[in-house]
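[1] Have a look at this prediction, sequence included:
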Amino acid sequence: MQISVTINGKQETGEVEPRTLLVEFIRYQLGLTGTHVGCDTSQCGACTIHMNGRSVKACTMLAVQADGQNVATIEGVAEPDGTLHPMQEAFRDNHGLQCGFCTPGMIMSALAMVDRHNGEALDEQTIREELEGNLCRCTGYHGIVKAIAAGSKAMQGGA
Amino acid sequence: MYAFEYRKAASTEDAESGFTAADDASFLAGGMTILPTLKQRLAQPSDLIDLSGIESLSGISVEGGTVTIGAMTCHADVAASADVQSAIPALAALANLIGDPQVRNRGTIGGSIANNDPAADYPGAVVGLNATVHTTKREIAADDFFIGLFETALDEGELITKVVFPVPEKAAYRKFPNPASRYAIVGAFVAKTSDGIRVAITGAGPTVFRVTEMEADLSESFSADAIKDIAIPQDDLNSDLHASAEYRAHLIGVMASRAVGDCS
Ligand SMILES: Cc1cc2nc3c(=O)[nH]c(=O)nc-3n(C[C@H](O)[C@H](O)[C@H](O)COP(=O)(O)OP(=O)(O)OC[C@H]3O[C@@H](n4cnc5c(N)ncnc54)[C@H](O)[C@@H]3O)c2cc1C
Ligand code: FES
Ligand code: FES
């Protein structure tokens, strides 16, 4: 089947089978390998992307379900010149990652979280509750929670 | 995943005729249950009929003492709805306890109740509030809808269009979640309605059930104390690696008491 998806602002078309997962389309057909597959069983959130502005697990969607929709992946978060987004910067500053495998999903979840709270700075409890869908095997989460709090604060004023 | 044909239905009629025309079709709602099932090759439908393009199946409306939720409305929208929060706060709170944000952004009320996972949350609210499930063919009362483990009153190819919840005087939902998946190990939905008190338990048995003994005692005196001595028989309760039947029986009392406390 032919699908056409807007990914990070760019129109992409491709030929997929009905059973092709969205994450497979993104990684293997478009070569956007920042979106990771950790569990492939809908648990870990490493594959988190945004569809029409909402966080979703790309391993638990068919590529055909994204036909005609607007998708954002981690590759679209930094500025085109490589300048990091304040949320990415906050992960670097707050020891929000070790191996980095979960990080793209964490950042996409964090950005969706800020969005759900109308751009407000997030407190620790909110972050811990709403990070339910993302697992990290390395950090023990403290750094990630601090990073998201700092990132959400740095985003104040429309960065 | 085994191969299948995919088609996006434009209307409920289109979805039903597509279902009938196919060898062995399944509807696709949020995909949060059916896609993991297909990935594990536990099912092999010939066709998936995507309901996401049918606009009439999504949305929330409050009128005449009822809250109506379209089958394709995702959990996040129910949780965030100011209308649901003010009419039936317990229902919005329940939706917000399902899984995680990414699951709530995709999973739908229609998919959840059609699937009837014994540990799902919505069956608690549907039975606890005495809701009515509307399909393309008929209206099914909550007490008649959930039949058994992953089994409902739906006929083959019957499509849920919406669920209509009467607004209660007071209601509350308490669940003891599995710490990993957030599915209910035991969830208790307690409602004070114009037709009396209802206590619905999910997670504990093969399907949601009411505890009529608690309902009777709570009608006499609506307090956690009134039900503290009710012993729940363990015979028909689930026992698995997460919790034994004995533990679940105990949790039913604890969760129901807390829900009663929240209602007072
Ligand atoms: C990681 C994870 C955690 C979860 N945690 C919880 C939890 O804590 N509590 C909880 O309650 N649930 C939980 N869920 C389940 C989730 O909330 C969804 O409600 C559930 O997966 C089904 O909804 P869906 O829209 O995704 O349905 P789908 O997976 O698309 O469909 C499920 C079944 O319902 C049928 N169906 C769908 N819509 C209709 C309709 N309108 N009419 C007739 N049949 C229909 C489909 O054919 C299919 O057989 C979790 C899921 C995941 C992946
Ligand atoms: S890879 Fe999608 S949730 Fe783990
Ligand atoms: S940093 Fe290694 S999994 Fe999170």
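    Nice, thanks for sending it over. Ligands and ions are numbered 1, 2, ... in the order given.

[2] Show me where chain A has its strands.
    For chain A, strands defined by DSSP state E occupy the ranges A:2-7, A:10-15, A:48-51, A:54-57, A:70-72.

[3] In its sheet, which strands sit next to the last one, and in what direction?
    Spelled out, that is strand A:70-72. strand A:2-7 (parallel), strand A:48-51 (antiparallel) (DSSP bridges).

[4] Can you say which of the ones you listed is packed in most?
    For the strands paired with strand A:70-72, the largest average neighbour count (mean count of other CB atoms under 10 Å in any protein chain shown) is found in strand A:48-51, namely a mean of 26. C-beta: built from backbone N, CA, C; applies to glycine.

[5] Check what contacts that one and list those residues.
    Taking contacts as CB atoms under 8 Å, 6 or more residues apart in numbering or on different chains, the residues outside strand A:48-51 that touch it are A:22-23, A:26, A:35, A:55-58, A:61, A:66, A:69-74, A:104-106, A:108-109, A:111-112, A:133-134, B:102.

[6] of those residues, buried ones?
    Buried members of the contacts of strand A:48-51, counted by 16 or more other CB atoms under 10 Å in any protein chain shown: A:22-23, A:26, A:35, A:55-58, A:61, A:66, A:69, A:71-74, A:104-106, A:108-109, A:111-112, A:133-134, B:102.

[7] The residues you listed also near ligand 2: which ones?
    residue A:57 (CB under 6 Å from any ligand atom).

[8] what's the closest non-adjacent residue to residue A:55?
    Setting aside the residues directly before and after it, residue A:55 is nearest to residue A:112 in space (CB to CB, 6 or more residues apart in numbering or on different chains), at 3.6 Å.

[9] can you list the domain ranges for the chain.
    No chain was given, so I picked chain A. A:2-75, A:86-155 (automatic domain parsing).

[10] my question was about chain B
    Taken from automatic domain parsing, chain B resolves into B:5-50, B:57-263.

[11] just how off-centre is the last one within its chain?
    Remark: domain B:57-263 is offset 5 Å from the chain centroid, using CA atoms, centre = their mean, to the nearest Å.

[12] Same check on the first one?
    What separates the centre of domain B:5-50 from the centre of its chain is 20 Å, taken as CA atoms, centre = their mean.

[13] Over to stretch A:64-80?
    So, by CA atoms, centre = their mean, the centroid of stretch A:64-80 is 9 Å from its chain's centroid.

[14] what comes into contact with that stretch?
    Here stretch A:64-80 has contacts from A:1, A:3-9, A:16, A:18, A:20, A:22, A:25-26, A:32, A:34-35, A:49-53, A:84-85, A:87-88, A:104, A:107-108, A:111, B:6, B:8, B:28, B:31, B:50, B:52, using CB under 8 Å, 6+ apart.

[15] In helices, which of those fall?
    If you go by DSSP state H, the contacts of stretch A:64-80 have A:22, A:87, A:88, A:104, A:107, A:108, A:111 in helices.

[16] which of those are close to ligand 3?
    Restricting the ones in helices among the contacts of stretch A:64-80 to those near ligand 3 - CB under 6 Å from any ligand atom - leaves none.

[17] Get me the contact residues on chain B for ligand 2.
    Counting by CB under 6 Å from any ligand atom, no residue of chain B sits close to ligand 2.

[18] In chain B, what residue lies closest to chain A?
    Relative to chain A, the nearest point of chain B is residue B:100 (2.9 Å; CB to the nearest CB).

[19] ok so, going back, I'd like the domains of chain A as TSV, with mean pLDDT and distance to ligand 1 appended.
    Putting the domains of chain A into TSV (pLDDT from 0 to 100; distance: least, CB to the nearest ligand atom, whole Å) gives the following:
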stretch	mean pLDDT	distance to ligand 1
domain A:2-75	98	4
domain A:86-155	97	7
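
[20] how close does residue A:79 sit to ligand 1?
    To ligand 1, residue A:79 is 33 Å away according to CB to the nearest ligand atom, to the nearest Å.

[21] Then residue B:163?
    10 Å.

[22] pretty sure that residue is touching residue B:71, no?
    Yes - applying CB atoms under 8 Å as the test, residue B:163 and residue B:71 come out as touching, 7.3 Å apart.

[23] how many neighbours does residue B:264 have?
    10 (other CB atoms under 10 Å in any protein chain shown).

[24] next one: residue B:231
    10.

[25] cool, and the one 10 residues further on?
    Counted with other CB under 10 Å, the burial measure for residue B:241 works out to 5 neighbours.

[26] now residue B:37
    By other CB under 10 Å, neighbour count at residue B:37 equals 15.

[27] Please, which helix or strand holds it?
    Following DSSP states H and E, one finds residue B:37 within helix B:34-39.

[28] all strands of chain B, in order?
    Using DSSP E, strands in chain B cover B:5-8, B:25-28, B:47-50, B:60-63, B:66-70, B:132-135, B:139-141, B:146-148, B:151-152, B:160-166, B:170-177, B:184-193, B:196-202, B:209-210.

[29] For whichever residue of the stretch 1-150 of chain B sits closest to ligand 2, which residues are in contact?
    Nearest to ligand 2, among the residues of the stretch 1-150 of chain B, is residue B:102, at 7.6 Å (CB to the nearest ligand atom). By CB under 8 Å, 6+ apart, the residues touching residue B:102 are A:45, A:48, A:55, A:56, A:57, A:109, A:133.

[30] any chance of the strands paired with strand A:70-72 in CSV, plus distance to ligand 2?
    Output for the strands paired with strand A:70-72, formatted as CSV (distance: least, CB to the nearest ligand atom, whole Å):
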stretch, distance to ligand 2
strand A:2-7, 17
strand A:48-51, 7
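
[31] export those strands to a markdown table and tack on distance to residue B:132?
    Formatted as a markdown table, the strands paired with strand A:70-72 follow (distance: least, CB to CB, whole Å):
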| stretch | distance to residue B:132 |
| --- | --- |
| strand A:2-7 | 38 |
| strand A:48-51 | 32 |
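
[32] what about the strands of chain A, which gets the closest to residue B:131?
    Evaluated with CB to CB, those place strand A:54-57 nearest to residue B:131, the distance being 26.2 Å.
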